[in-house]
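Visitor: fold the following.
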Amino acid sequence: MSKEDVIKLFDDHERRWARLANMDILGWQSFPWPMLKPPKDPEQITYAEVQAYVLSPHHPGEKTSKERIKDHLRKWHPDRFETKLLPKVREEERETVKEGAGAVARHLNKVLGSLSASAENGLFG
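Guide: Numbering: from 1, shown residues only. Next up, the predicted model:
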């Protein structure tokens, strides 16, 4: 993907997040999964893909990587996701979406942990 394509993807994802709250029925394709290439199922949501997305140097705005990850964690955290968004997901897709969102949250926590460990060791920040 070109830099311009990545920037467009981030803009599209922000618009899609803004619309989710107003939608009545959601499915797997409704979610802006934090990956540069949309996954077809939870197995395609890998640590490396999520890490590449959240640590991309092409994110708009002035937020640090850590702030961006925390923003994503607020969206994908099971407590919030499973009460606000999961009930809107079609019954036949609900378990798959729940599994995907759980994978995203786990990978985001792992990325955040690796940044924190690197900062403690003086490698970043």
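Visitor: going by C-alpha atoms from here, please, whenever you check contacts or count neighbours.
Guide: Noted.
Visitor: mind giving me the packing neighbours of the one helix or strand residue 73 maps to?
Guide: Applying DSSP states H and E as the criterion places residue 73 in helix 65-76. For helix 65-76, the packing partners by 3 or more Cα pairs under 8 Å, 6 or more residues apart in numbering; DSSP states H and E come out as helix 47-54, helix 91-120.
Visitor: quick one: closest of those to residue 1.
Guide: Closest to residue 1 of the helices and strands packed on helix 65-76, according to Cα to Cα: helix 47-54, at 11.8 Å.
Visitor: tell me the buried residues in stretch 105-122?
Guide: By neighbour count on 16 or more other Cα atoms under 10 Å, the buried set for stretch 105-122 is 105-109, 111-112, 115-116.
Visitor: I'd like to know which of those residues is nearest to residue 10.
Guide: residue 108 (16.6 Å).
Visitor: for this protein, where's the lowest mean pLDDT among helices and strands?
Guide: Lowest mean confidence among the helices and strands of the chain (mean pLDDT, DSSP states H and E): helix 91-120, at a mean of 91.
Visitor: how far off centre is that one?
Guide: 8 Å (Cα atoms, centre = their mean, to the nearest Å).
Visitor: could you do stretch 50-69 as well?
Guide: 11 Å.
Visitor: got the CA positions of it in PDB?
Guide: C-alpha atoms of stretch 50-69 as PDB (Å, rounded to 0.1, in the frame of the first residue of the first chain):
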ATOM      1  CA  VAL A  50      -2.400  -5.300  14.200                       C
ATOM      2  CA  GLN A  51       1.000  -4.000  15.200                       C
ATOM      3  CA  ALA A  52       1.700  -2.800  11.700                       C
ATOM      4  CA  TYR A  53      -1.600  -0.900  11.700                       C
ATOM      5  CA  VAL A  54      -1.300   0.800  15.100                       C
ATOM      6  CA  LEU A  55       2.400   1.600  14.700                       C
ATOM      7  CA  SER A  56       2.200   2.900  11.200                       C
ATOM      8  CA  PRO A  57       4.000   6.200  10.800                       C
ATOM      9  CA  HIS A  58       1.100   7.500   8.500                       C
ATOM     10  CA  HIS A  59      -1.500   8.000  11.200                       C
ATOM     11  CA  PRO A  60      -3.000  11.400  11.100                       C
ATOM     12  CA  GLY A  61      -2.800  13.700  14.100                       C
ATOM     13  CA  GLU A  62      -0.300  14.300  16.800                       C
ATOM     14  CA  LYS A  63      -1.000  11.300  19.000                       C
ATOM     15  CA  THR A  64       1.800   9.000  20.200                       C
ATOM     16  CA  SER A  65       1.800   5.300  19.300                       C
ATOM     17  CA  LYS A  66       0.900   4.600  22.900                       C
ATOM     18  CA  GLU A  67      -2.100   7.000  22.800                       C
ATOM     19  CA  ARG A  68      -3.300   5.500  19.600                       C
ATOM     20  CA  ILE A  69      -3.200   2.000  21.000                       C
END
